[in-house]
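**Student:** I'll drop the sequence and a predicted model, then ask my questions.
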Amino acid sequence: MTNGGKTTLTNSLLRALPNCCVIHQDDFFKPQDQIAVGEDGFKQWDVLESLDMEAMLDTVQAWLSSPQKFARAHGVSVQPEASDTHILLLEGFLLYSYKPLVDLYSRRYFLTVPYEECKWRRSTRNYTVPDPPGLFDGHVWPMYQKYRQEMEANGVEVVYLDGMKSREELFREVLEDIQNSLLNRSQESAPSPARPARPQGPGRGCGHRTARPAASQPDSM
Ligand SMILES: Nc1ncnc2c1ncn2[C@@H]1O[C@H](COP(=O)(O)OP(=O)(O)O)[C@@H](O)[C@H]1O
Ligand SMILES: O=C(O)c1ccc[n+]([C@@H]2O[C@H](COP(=O)([O-])O)[C@@H](O)[C@H]2O)c1
């Protein structure tokens, strides 16, 4: 949700994860003159139609087709020791309402804060287009409720995060979850133990798993 702490968390993850790129949904707002004005008199910024989601999807697909090239083009230097692991973070307030993207994520997180906190945090923000008086209660909050209800009704599974926790706690929680998810993926892509066992040399099969295993497929979330 707006002001849940998405950008703050994303920036911390970006610094901590190897070969990690980010796409911000806010970068895909349509120009102001293309934003509809509702019956309520407010410009309808908080609806999916105000975002160029096709362009955002194209950007995700550019990453999927070559994470290495995408990383280089965005100034992310690929770490040789983790060169098989690539992670794409998508950060935004309407990520789970656009069908073509919904099934592409490997993990979906949803940061929430109570109404009063959200309204307060929002009042401290300076958007490129400042909120007119009454926008939060008249448009932002009702649209948040509408899209969230639709998402839940459509059975989109998300990991809810309590945005009232400290920045550090949220960062640790999500970082750990992503690292576990990478570990599980590397185990899934490892040779099946059901196959006939090959003779093992000294030390094989008893090594410690590293926190950041190489994944054979790019990971997005
Ligand atoms: N865990 C947190 N606890 C308290 N304040 C936070 C936390 N995370 C972010 N904030 C503050 O809330 C405001 C919105 O954060 P931001 O990350 O920009 O949210 P979003 O990207 O979801 O709109 C900022 O003032 C930020 O410093
Ligand atoms: O970034 C912009 O150009 C912009 C212009 C007008 C409005 N916004 C607001 O940006 C909000 C989403 O961003 P965020 O960081 O609060 O999740 C959304 O609630 C919009 O009302 C953003």
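**Tutor:** Perfect, I can see it now. Numbering: from 1, shown residues only. Ligands and ions are numbered 1, 2, ... in the order given.

**Student:** just checking, what packs against the helix ranked longest in the chain?
**Tutor:** Criterion DSSP state H: the longest helix present in the chain is helix 167-188. Judged by 3 or more CB pairs under 8 Å, 6 or more residues apart in numbering; DSSP states H and E, helix 167-188 is in contact with helix 6-16, strand 159-162, strand 219-220. Quick note: C-beta positions are derived from backbone N, CA and C, even for glycine.

**Student:** which stretch in these has the least confidence?
**Tutor:** Per-stretch mean pLDDT for the helices and strands packed on helix 167-188 is lowest at strand 219-220 (a mean of 48).

**Student:** in TSV: the helices and strands packed on helix 167-188, plus mean neighbour count.
**Tutor:** TSV is the format used below for the helices and strands packed on helix 167-188 (neighbours: other CB atoms under 10 Å):
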stretch	mean neighbour count
helix 6-16	17
strand 159-162	14
strand 219-220	20
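
**Student:** of all the residues in stretch 143-161, which ones are buried?
**Tutor:** By 16 or more other CB atoms under 10 Å, the buried positions in stretch 143-161 come out as 143-144, 147-148, 151, 156, 158, 161.

**Student:** export the helix or strand harbouring residue 144 to CSV, keeping only CA atoms.
**Tutor:** Using DSSP states H and E, residue 144 sits within helix 141-153. Written as CSV, here are the backbone C-alpha positions of helix 141-153 (Å, rounded to 0.1, in the frame of the first residue of the first chain):
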residue,chain,number,x,y,z
TRP,A,141,-7.8,5.1,0.7
PRO,A,142,-11.0,3.9,-1.1
MET,A,143,-8.9,2.7,-4.1
TYR,A,144,-6.5,0.9,-1.8
GLN,A,145,-9.4,-0.9,-0.2
LYS,A,146,-11.0,-1.7,-3.5
TYR,A,147,-7.9,-3.2,-5.1
ARG,A,148,-6.9,-5.1,-2.0
GLN,A,149,-10.4,-6.7,-1.8
GLU,A,150,-10.2,-7.6,-5.5
MET,A,151,-6.8,-9.2,-5.0
GLU,A,152,-8.0,-11.3,-2.1
ALA,A,153,-11.2,-12.3,-3.9
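
**Student:** what lies in contact with that helix?
**Tutor:** Outside helix 141-153, the residues within contact range by CB atoms under 8 Å, 6 or more residues apart in numbering are 1-2, 44, 46-48, 93-94, 96-97, 115, 118-119, 158.

**Student:** what about it, distance to the chain center?
**Tutor:** 18 Å (CA atoms, centre = their mean, to the nearest Å).

**Student:** do that helix and ligand 1 meet at all?
**Tutor:** No: using CB under 6 Å from any ligand atom, helix 141-153 stays clear of ligand 1, coming no nearer than 11.4 Å.

**Student:** hang on, the earlier thing: what's the mean pLDDT across the longest helix of the chain?
**Tutor:** Here helix 167-188 scores 94 as its mean pLDDT.

**Student:** what are the boundaries of the helices in the chain?
**Tutor:** Using DSSP H, helices in the chain cover 6-16, 53-65, 67-73, 99-102, 115-123, 135, 141-153, 167-188.

**Student:** where are the low-confidence patches of the protein?
**Tutor:** Where the chain drops to pLDDT under 70, the residues are 193-221.
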